[in-house]
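Novice: please work out how this folds:
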Amino acid sequence: MISINEFKKVEMKVGKVVHAERVKGSDKLLKLNVSFGDVHKIVLTGLASLYSPEHFVGRQFVFVTNLEPRKIRGEISEAMLLTAVETEDRVVPVIPEAEVKEGTVIM
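Specialist: This next block holds a predicted model:
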């Protein structure tokens with residue numbers, strides 16, 4: 001169990017994917033350029049075997065935005081896409097029910 005104060009440390013925001021591409025040399029990684037309003041972040045996600053880059057472009061998703069940047073295959077990931085994981089072959093990105101302003105905080 002974690003306290004509500006610990007949970008509040010996790011910053012979740014809605015971002016809109018403005019560009020997506022496969023990471024060269026990887027069958028699993030996609031590189032997403034995500035707009036959070038006045039800030040853009042690069043997000044790497046291991047969903048390339050389940051979704052094409054085009055699936056993400058122009059759509060809003062929920063991200064954890066205050067994780068330490070992580071280097072993966074020579075690329076820096078600055079946030080994490082939230083997903084619902086049923087099985088290894090059924091991973092569904094979390095989306096807002098309706099479109100909201102980019103950078104909207106999830107509580």
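Novice: residues contacting the lengthiest strand in the chain, please?
Specialist: When the chain is scanned for its longest strand (criterion: DSSP state E), the result is strand 12-22. Strand 12-22 has contacts (C-beta atoms under 8 Å, 6 or more residues apart in numbering) with 29-36, 40-41, 43, 48, 53-65, 79, 82, 96, 100-106. All C-beta spots, glycine's among them, are computed from the backbone N, C-alpha and C.
Novice: what's the local residue count around the closest residue in space to residue 25 that isn't next to it in sequence?
Specialist: On the basis of C-beta to C-beta, 6 or more residues apart in numbering, the spatially nearest residue to residue 25 that is not a chain neighbour turns out to be residue 73, at 6.7 Å. Using other C-beta atoms under 10 Å, residue 73 has 13 neighbouring residues.
Novice: isn't residue 61 up against residue 92?
Specialist: No: proximity of residue 61 to residue 92 does not meet the contact threshold set by C-beta atoms under 8 Å, at 10.5 Å.
Novice: what residue is smack in the middle of the protein?
Specialist: By C-alpha atoms, centre = their mean, the chain has its centre lying nearest to residue 81, at 2.3 Å.
Novice: name the nearest residue to that residue, sequence neighbours excluded.
Specialist: With C-beta to C-beta, 6+ apart as the criterion, residue 81 has its nearest non-adjacent residue at 4.8 Å, and that residue is residue 45.
Novice: what's downstream of the longest strand of the chain, the next helix or strand?
Specialist: Remark: after strand 12-22, the chain's next helix or strand is strand 30-35, criterion DSSP states H and E.
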